[in-house]
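In: can't give you the sequence, but here's the structure:
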């Protein structure tokens, strides 16, 4: 059965580095295990180094970003897609203002290298 998530039901979460807009997730009633969200970053913003226990797929919609994966930087422009494997250390840097579309497992657990406890599933993914 299909599900429609109206724009009015999308959930927005802001951090110091980006604004995430949840477009589809189990908590929005639209999926049984996947999430889809937008990431908007201003030019020069850099997210923290972090790890997810599941694969994610990132597509740049507008602008340019550099995503570091396990120490190797990948430059992405509009239309580029990067598949980030589970358990890879990653850090996202906005070279320009950029918008990215991301999908991944709705139960993904985030952690930060050096921290003893995981950070759980971020609000924009659940």
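Out: That came through fine. Not measured: the values here are computed from a predicted model.

In: pLDDT value on the nearest residue to residue 92 once chain neighbours are set aside, please?
Out: Closest residue to residue 92 apart from its sequence neighbours, by CB to CB, 6 or more residues apart in numbering: residue 47 at 4.5 Å. Glycine gets a C-beta too; all of them are placed from N, C-alpha and C. Per-residue pLDDT puts residue 47 at 96.

In: over to residue 1?
Out: pLDDT recorded at residue 1 is 61.

In: need the contact list for the residue nearest to residue 92.
Out: 15, 17, 18, 41, 91, 92, 93 (CB atoms under 8 Å, 6 or more residues apart in numbering).

In: let's see 10 Å
Out: Residue 47 makes contacts with 15-18, 39, 41, 65, 67, 90-94, as judged by CB atoms under 10 Å, 6 or more residues apart in numbering.

In: center of this structure - which residue?
Out: residue 102 (5.1 Å; CA atoms, centre = their mean).

In: in the sheet, who's paired with that residue?
Out: residue 37, residue 58 (DSSP bridges).

In: my guess is it contacts residue 35. True?
Out: Yes: applying CB atoms under 10 Å, one finds residue 102 in contact with residue 35, separated by 8.3 Å.

In: shared neighbours, those two?
Out: 23, 56, 124, 125.

In: nice, that's everything, thank you.
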